[in-house]
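>>> only geometry, no sequence info:
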């Protein structure tokens, strides 16, 4: 995911005169803890860790199995917590990861980011940055139960004097069923729309379209799933930082209410060998999107030294590719494909 | 694969005054058939189709099942033959494809290719091209039997007057076992080396290294398999066209002798659930290479209108991703990984 890709890009600054943001934050945490007056970096870190804990708790209750928890630290500040449940009772594979990165952006990466963030100084050789994100992918066993993905992230760059320069938020949440229950898609979109509407009535339609466009297996002319919301680069030209943080918080809060009623309803539905095989083919499409098109994944995998196991926790436990597979005319499988080929308005 | 990626890039020329190479070739084939005086385009087409037929025949004999054969034509000349055997007795999935493409390279693609082919004119808006290739991937059921991949291709561009401009060959063949039998790797490399040595003693060492470098899952620090040979852009600066065609022919001829003795020996070996699971994990790595790193595949998937099912016939029927899987110390699984992390000289 986006944030993992940035792992290990650079490793601390060489400047001795001004404290880096990593040093500032480490000092602040030790001296005064984190509160609403702390820098956004620390508040975002606290927010995603709190939601990670809550989500893992609820999923453990549902599944009846425990997550494996791996914590790692980065030598120059930051680190991550990967929570993975594999071969559980409800989930084939479930990953809920947080990652905090302090690093340095090389000149080339700055040039790319300037396209969306004019505040970035084009005339420096490197720029200290901070990234924090929560990433989640749940693949249930039951083919009637949809896969879900969520990612919320915050990004900040620092001036040479250690003050903050550009900042932005990105994220979203989307649903990928193998068998389509309209009521599930409607419930999912409705819950997310309510969280969006509290902040801006234009958000849901805008981010819903962005999601359909982004999560698309362009080579097949299919979206990955039935969508949700997706956005990136939300900065001061959009709303002030406090308002956007509040939006992100509500997006995170909406996750459990958007997904838990669906998984509760679907996890024990009867199914046969045929449904399991179709699920495996759809898992193959999930792999195709993540490995071919997802910018965060390919950026991460092409970044030397990144934590590959955390990036690829998003892949299903098993997948299948069958040459020239075509669903039967009028089948439920074909109905799903038709919706993926022409994304629908759910509300 | 490389050649499929070029499918549907352009669609014929608009020039009315000079016949395109597609038109020339179509006329030549009708009037005089294909012989050793025909343009290289037609000789390459004949060569790969002949080997496709032979290889499919031998594999059908071995497996006891028939390939499904799909032929398709391109509106402006060229076409392809996809031969796929799925869920056979020996092979989980086997694909043997040929593809012939007449099309137009856009300016951007010309600029990229000029890096290796100075003969290309940088000052034209588009360039007619021809590409022909044979691609093959065989995934056996038995975890003791290795996957094998082969690709040989020829590429040519035309001047505006319909004469040929730049041309080059690419290709190779490589072996991907789940369980390593040294004798198999040695036999495979030895057979290929003999084909290379007939043409140039420097070829095998040079193309063996190229193969280890190219078929690498860089994000994991592992090669895809135990290698073979790989090369690209062999043109008149290397050897004359006739000599290179003869080398390609011998490469193709070496395929059955390099692989058949291995599959014969391994296809009925006993194995258990544990070996099958390890195979599935290794299949996952195969998918990672093909979708993340293989230039031909990603180019193909990002080219609108390409035949996705032919490109992705290279993927295994089934694959698996397990978080933080590590083979036991001293196991055969660990031994394979050690070789993939530090490619070996087999001869």
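In hand now; what should we look at? Everything quoted here is computed from the prediction, not taken from an experiment.
>>> ok, which residues in the stretch 1-150 of chain A are in contact with chain B?
When proximity is defined as C-beta under 8 Å from any C-beta of the partner chain, the stretch 1-150 of chain A approaches chain B at A:68, A:70, A:84, A:86, A:93, A:95. For the C-beta atoms, the positions are set from N, CA and C on the backbone; glycine is no exception.
>>> Residue A:145 contacts residue A:267, correct?
Yes: with contacts defined as C-beta atoms under 8 Å, residue A:145 counts as touching residue A:267 at a distance of 5.3 Å.
>>> what do these two both touch?
Counting by C-beta atoms under 8 Å, 6 or more residues apart in numbering or on different chains, the shared contacts of residue A:145 and residue A:267 are residue A:90.
>>> List the backbone torsions phi and psi for the nearest residue to residue A:215 once chain neighbours are set aside.
With C-beta to C-beta, 6 or more residues apart in numbering or on different chains as the criterion, residue A:215 has its nearest non-adjacent residue at 4.2 Å, and that residue is residue A:224. Recorded main-chain torsions at residue A:224 are phi -70, psi -40, according to degrees, to the nearest 10.
>>> what sits against residue A:224?
Remark: with contacts taken as C-beta under 8 Å, 6+ apart, residue A:224 is in contact with A:174, A:176, A:215-217, A:285-286, A:289, A:340.
>>> cool, and residue A:302?
By C-beta under 8 Å, 6+ apart, the contact list for residue A:302 reads B:218-219.
>>> in the stretch 1-150 of chain A, which spans are strands?
With DSSP state E, counting those that start in this stretch applied, the stretch 1-150 of chain A shows strands at A:68-73, A:78-86, A:91-106, A:126-140, A:147-158, listed in chain order.
>>> now those in CSV, with mean pLDDT, distance to residue B:19 and mean neighbour count?
Shown next, in CSV, are the strands of the stretch 1-150 of chain A (pLDDT from 0 to 100; distance: least, C-beta to C-beta, whole Å; neighbours: other C-beta atoms under 10 Å in any protein chain shown):
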stretch, mean pLDDT, distance to residue B:19, mean neighbour count
strand A:68-73, 93, 64, 12
strand A:78-86, 94, 61, 21
strand A:91-106, 91, 51, 24
strand A:126-140, 93, 54, 25
strand A:147-158, 95, 53, 24
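>>> The closest residue in space to residue A:332 that isn't next to it in sequence: neighbouring residues, count only.
Once flanking residues are discounted, residue A:332 sits nearest to residue A:179: 5.6 Å by C-beta to C-beta, 6+ apart. For residue A:179, the count of nearby residues is 21 (other C-beta atoms under 10 Å in any protein chain shown).
>>> before we move on, what about residue A:35?
Neighbour count of residue A:35, defined by other C-beta under 10 Å: 9.
>>> got it, and the one 10 residues further on?
By the criterion of other C-beta under 10 Å, residue A:45 has 21 neighbours.
>>> quick one: buried residues of the longest helix seen in chain A?
Among the elements of chain A assigned as helix by DSSP state H, the one spanning the most residues is helix A:40-63. Using 16 or more other C-beta atoms under 10 Å in any protein chain shown as the burial criterion, the residues of helix A:40-63 that qualify are A:40-49, A:51-52, A:55-56, A:59-60, A:62-63.
>>> Ok, stretch A:269-278 next?
Along stretch A:269-278, these residues count as buried under the neighbour rule (16+ other C-beta under 10 Å): A:271, A:275, A:278.
>>> can you list the residues you listed in TSV and add secondary structure, distance to residue B:345 and pLDDT?
What follows is the buried residues of stretch A:269-278, written out as TSV (DSSP: H, G, I helix; E, B strand; the rest coil; distance: C-beta to C-beta, whole Å; pLDDT from 0 to 100):
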residue	secondary structure	distance to residue B:345	pLDDT
A:271	coil	51	98
A:275	helix	49	98
A:278	helix	46	98
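>>> got a markdown table for those residues, with distance to residue A:167 too?
Formatted as a markdown table, the entries for the buried residues of stretch A:269-278 read as follows, by distance: C-beta to C-beta, whole Å:
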| residue | distance to residue A:167 |
| --- | --- |
| A:271 | 46 |
| A:275 | 45 |
| A:278 | 43 |
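>>> before we move on, what SS does the closest residue in space to residue A:217 that isn't next to it in sequence have?
Setting aside the residues directly before and after it, residue A:217 is nearest to residue A:289 in space (C-beta to C-beta, 6+ apart), at 5.2 Å. The three-state assignment at residue A:289 reads helix, by DSSP: H, G, I helix; E, B strand; the rest coil.
>>> ok, residue A:145 and residue A:267, which is more surrounded?
A count of neighbours by other C-beta under 10 Å puts residue A:145 above the other of residue A:145 and residue A:267, at 29 against 17.
>>> For the residue lying closest to the more buried one once chain neighbours are set aside, list the residues it contacts.
Using C-beta to C-beta, 6+ apart and skipping the chain neighbours, the partner closest in space to residue A:145 is residue A:266 (3.8 Å). With contacts defined as C-beta under 8 Å, 6+ apart, the neighbours of residue A:266 are A:140, A:142, A:144-146, A:181, A:184.
>>> re earlier: could you give the mean pLDDT of the longest helix of chain A?
For helix A:40-63, mean pLDDT rounds to 97.
>>> angle of it against strand A:78-86?
Taking axes from the mean of the first three to the mean of the last three C-alpha atoms, to 10 degrees, helix A:40-63 and strand A:78-86 form an angle of 10 degrees between their directions.
>>> and helix A:40-63, what does it pack onto?
Identification of packing neighbours for helix A:40-63 by 3 or more C-beta pairs under 8 Å, 6 or more residues apart in numbering or on different chains; DSSP states H and E yields helix A:21-32, strand A:78-86, strand A:91-106, strand A:126-140, strand A:147-158, helix A:241-253, helix A:255-266.
>>> rewinding a little: now go through the contacts of residue A:266 and say which are in helices.
Restricting the contacts of residue A:266 to those inside helices, with DSSP H as the criterion, leaves residue A:184.
>>> what's the closest of the contacts of residue A:266 to chain B?
Ranked by distance to chain B (C-beta to the nearest C-beta), the contacts of residue A:266 are led by residue A:140 at 15.8 Å.
>>> So the closest one sits against residue A:267, correct?
Yes: counting by C-beta under 8 Å, residue A:140 sits close enough to residue A:267 to count as a contact (6.3 Å).
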